[in-house]
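Q: Structural data only, the sequence is not supplied:
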């Protein structure tokens with residue numbers, strides 16, 4: 001599978017000691033070694049290997065920091081982060097991720113640095129997080145703080161300006177507010193131009209950590225697995 005530390009023939013979802021279920025995407029603080037969820041491999045290629053991971057809260061959360069997803073596998077070639085404001089009844093895209101945005105989603109690639117205070121609500125496709133297999137290339141961000149900086153300054157020193165905008169602009173406030181998040185994994189990391197059909201077991205998804213920082217009303221909370229209803233669809 002290209003990684004000797006990932007399970008291979010020993011993976012077995014029906015055996016607790018060999019399973020990698022969704023709840024292993026989260027660990028208690030300080031746990032070592034960390035655990036991870038792992039999907040099935042792409043054994044049914046060319047049928048798409050697609051997985052939805054849904055995090056649901058029974059309340060409204062105002063995001064206060066970046067959403068950070070840590071992969072144990074290569075980062076996916078195609079992924080969409082989605083949000084809901086009505087407890088999962090409807091969904092809107094938050095950000096698209098791809099190795100080739102134009103090919104995958106018919107969108108020109110952008111980064112948050114290309115945005116401005118006037119375009120901060122634009123839904124973009126980024127190619128920054130969809131390649132790389134090294135240790136420092138496992139993380140995907142949804143950059144909340146970079147968007148805050150358009151109102152609070154590059155060092156977030158003028159938070160009063162940000163909160164003033166949030167209080168008076170409903171569209172802006174709703175952008176940073178969620179009741180649910182959904183990670184749509186659409187295509188695993190391939191690493192080449194073509195898929196090696198002789199070694200389909202090397203293609204899969206694995207996630208070791210998801211961090212979502214937010215606050216309910218005036219109380220800041222950190223969402224971890226034991227506070228989250230996690231479903232795999």
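A: Perfect, thanks for sending it. These numbers were taken from a predicted model, which means no experiment stands behind them.

Q: This structure: strands as residue ranges?
A: Ranges of strands within the chain are 37-38, 51-63, 67-71, 78-84, 92-98, 125-126, 139-142, 177-187, 206-216, 219-223, 229-232, based on DSSP state E.

Q: From what I see, residue 184 and residue 50 are in contact.
A: Yes. Counting by C-beta atoms under 8 Å, residue 50 is a contact partner of residue 184 at 7.3 Å. In short, each C-beta sits where N, CA and C put it, glycine included.

Q: the more surrounded of those two?
A: More crowded of residue 184 and residue 50, by other C-beta atoms under 10 Å: residue 184, with 20 against 13.

Q: Quick check: beta-bridge partners of that one?
A: residue 52, residue 80 (DSSP bridges).

Q: so what's it up against?
A: 50-52, 79-82 (C-beta atoms under 8 Å, 6 or more residues apart in numbering).

Q: do you know how far it is from residue 40?
A: 16 Å (C-beta to C-beta, to the nearest Å).

Q: Do you know the pLDDT at residue 51?
A: pLDDT, residue 51: 96.

Q: neighbours of residue 142, just the number please.
A: 21.

Q: Tell me what it is bridged to.
A: Applying DSSP bridges to residue 142 gives these bridge partners: residue 67.

Q: so it touches residue 80, yeah?
A: No. Taking contacts as C-beta under 8 Å, residue 142 lies outside contact range of residue 80: 11.1 Å.

Q: what's the overlap in contacts for these two?
A: With C-beta under 8 Å, 6+ apart as the test, residue 142 and residue 80 both reach 94-95.

Q: re earlier: tell me the two of the contacts of residue 184 that are most distant?
A: The largest separation in the contacts of residue 184, counting by C-beta to C-beta, is between 50 and 81 at 14.5 Å.

Q: Just name the closest of the contacts of residue 184 to residue 155, please.
A: residue 81 (25.9 Å).

Q: got the contact list for the residue nearest to the spatial centre of the chain?
A: Among the residues of the chain, the one closest to the centroid is residue 69, at 4.8 Å (C-alpha atoms, centre = their mean). Residues in contact with residue 69 (C-beta under 8 Å, 6+ apart) are 139-141, 183, 207, 209-211.

Q: How about residue 48?
A: If you count contacts by C-beta under 8 Å, 6+ apart, then residue 48 has 186-187 around it.

Q: and if you look at residue 12?
A: 18-19 are the contacts of residue 12 under C-beta under 8 Å, 6+ apart.

Q: let's see it at 6 Å
A: residue 18 (C-beta atoms under 6 Å, 6 or more residues apart in numbering).

Q: again, but for residue 200
A: 42-43, 45.

Q: neighbour-wise, which of those leads?
A: Ranking these using other C-beta under 10 Å puts residue 42 first, with 22 neighbours.

Q: Not counting sequence-adjacent ones, nearest residue to that residue?
A: Ranked by C-beta to C-beta, 6 or more residues apart in numbering and with sequence neighbours excluded, the top spatial neighbour of residue 42 is residue 203, at 3.8 Å.

Q: measure stretch 116-128 end to end?
A: Stretch 116-128 has its terminal residues 18 Å apart, counting by C-alpha to C-alpha, to the nearest Å.

Q: Check residue 42 and give its pLDDT.
A: In this model, residue 42 is scored at 92, pLDDT.

Q: Lovely, talk soon.
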